[in-house]
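Chemist: A structural model of the following input is requested.
(chains A and B)
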Amino acid sequence: SQQGEEDPQALSIQEGENATMNCSYKTSINNLQWYRQNSGRGLVHLILIRSNEREKHSGRLRVTLDTSKKSSSLLITASRAADTASYFCATDSRGFGNEKLTFGTGTRLTIIP
Amino acid sequence: GAVVSQHPSWVICKSGTSVKIECRSLDFQATTMFWYRQFPKQSLMLMATSNEGSKATYEQGVEKDKFLINHASLTLSTLTVTSAHPEDSSFYICSARDSGQGRSPLHFGNGTRLTVT
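Modeler: Predicted coordinates:
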């Protein structure tokens, strides 16, 4: 079964606006990661947040993690047309080195120029 | 940056035939690679963990005799879909981590779209 459920399933916004995607998971984790997938392509790692962290930034990306609610959010600020893609959260229950990621259902983000 | 090459990017085959998909780490060594399956507009489902020099570890519900995995070297894992059927049509993606870097993210191939007619 899926570890992560993401919402919304699809999101369309105007270029320049901020996009927020949410991810909920069910079991304890060591870290949570966000990936981007362009249509018909592989995944690109965006950012990782550890279970003892609450917020992390990378460029236009901001990730939060609430382990008490078993949820995370990904914020993309000042969106660009090139941000159009599917975004997946992935949870790791065993830590680096022996990792088996469980992916969420994904959010399809469309940036309207 | 680390690159994972997956080949072919797409393949069409007839029912009953076998198809081999290759996953190569181009500039790093990977003792462990992962194979996923993705249906349209859905998430990635882990099929198996490929271990260099030993047997692959399959997820529950994945038939190991149908999805043969060979990880013969530190840079190559192959997935062979045997006796393919139309229901095997899907997008297959591999990933790998640089064994020389203890804390590095997974690097994904660009996937293989398999269509079985």
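
Chemist: could you pull out the strands for chain B?
Modeler: Taking DSSP state E to define them, one finds strands in chain B at B:4-7, B:10-13, B:19-25, B:32-38, B:44-51, B:57-58, B:67-73, B:76-81, B:90-96, B:107-108, B:112-116.

Chemist: Quick one: neighbours of residue 106, just the number.
Modeler: Since you didn't name a chain, this refers to chain A. 25 (other C-beta atoms under 10 Å in any protein chain shown). The C-beta positions use only the backbone N, C-alpha and C, and glycine is treated the same way.

Chemist: Can you look at chain B instead?
Modeler: Residues near B:Leu106, counting by other C-beta under 10 Å: 23.

Chemist: Pop out the phi and psi values for it.
Modeler: Dihedral pair for B:Leu106: phi -70, psi 140, per degrees, to the nearest 10.

Chemist: likewise A:Glu15?
Modeler: Dihedral angles for A:Glu15 - degrees, to the nearest 10 - are phi -60, psi 140.

Chemist: sorry, back to before: with respect to chain A, which of the strands of chain B lies nearest?
Modeler: strand B:107-108 (3.6 Å; C-beta to the nearest C-beta).

Chemist: Determine the set of other helices and strands touching the lowest-mean-pLDDT helix or strand in chain A.
Modeler: Least confident helix or strand, chain A: strand A:5-7 with a mean of 82, by mean pLDDT, DSSP states H and E. When contacts are defined as 3 or more C-beta pairs under 8 Å, 6 or more residues apart in numbering or on different chains; DSSP states H and E, strand A:5-7 packs onto strand A:19-24, strand A:85-92.

Chemist: That strand: partners in the sheet, and parallel or antiparallel?
Modeler: Its sheet considered, strand A:5-7 pairs with strand A:19-24 (antiparallel) by DSSP bridges.

Chemist: residues making contact with stretch A:73-81?
Modeler: With C-beta atoms under 8 Å, 6 or more residues apart in numbering or on different chains as the test, stretch A:73-81 has contacts from A:13-23, A:34, A:46-47, A:60-64, A:83, A:87, A:89, A:109, A:111, A:113.

Chemist: Next, the angle from the helix or strand following the least confident helix or strand of chain A to strand A:19-24.
Modeler: Sequence order places strand A:10-14 as the next helix or strand after strand A:5-7, per DSSP states H and E. Note on geometry: by axes from the mean of the first three to the mean of the last three C-alpha atoms, to 10 degrees, strand A:10-14 and strand A:19-24 are set 160 degrees apart in direction.

Chemist: ok, and what's touching strand A:10-14?
Modeler: So strand A:10-14 is contacted by A:19, A:21, A:79, A:107-112 (C-beta under 8 Å, 6+ apart).

Chemist: where's it relative to the chain centroid, distance-wise?
Modeler: Relative to its chain's centre, strand A:10-14 lies at 15 Å (C-alpha atoms, centre = their mean, to the nearest Å).

Chemist: For A:Leu65, pull up the helix or strand it's in.
Modeler: Secondary structure (DSSP H and E) places A:Leu65 in strand A:61-66.

Chemist: Lovely, talk soon.
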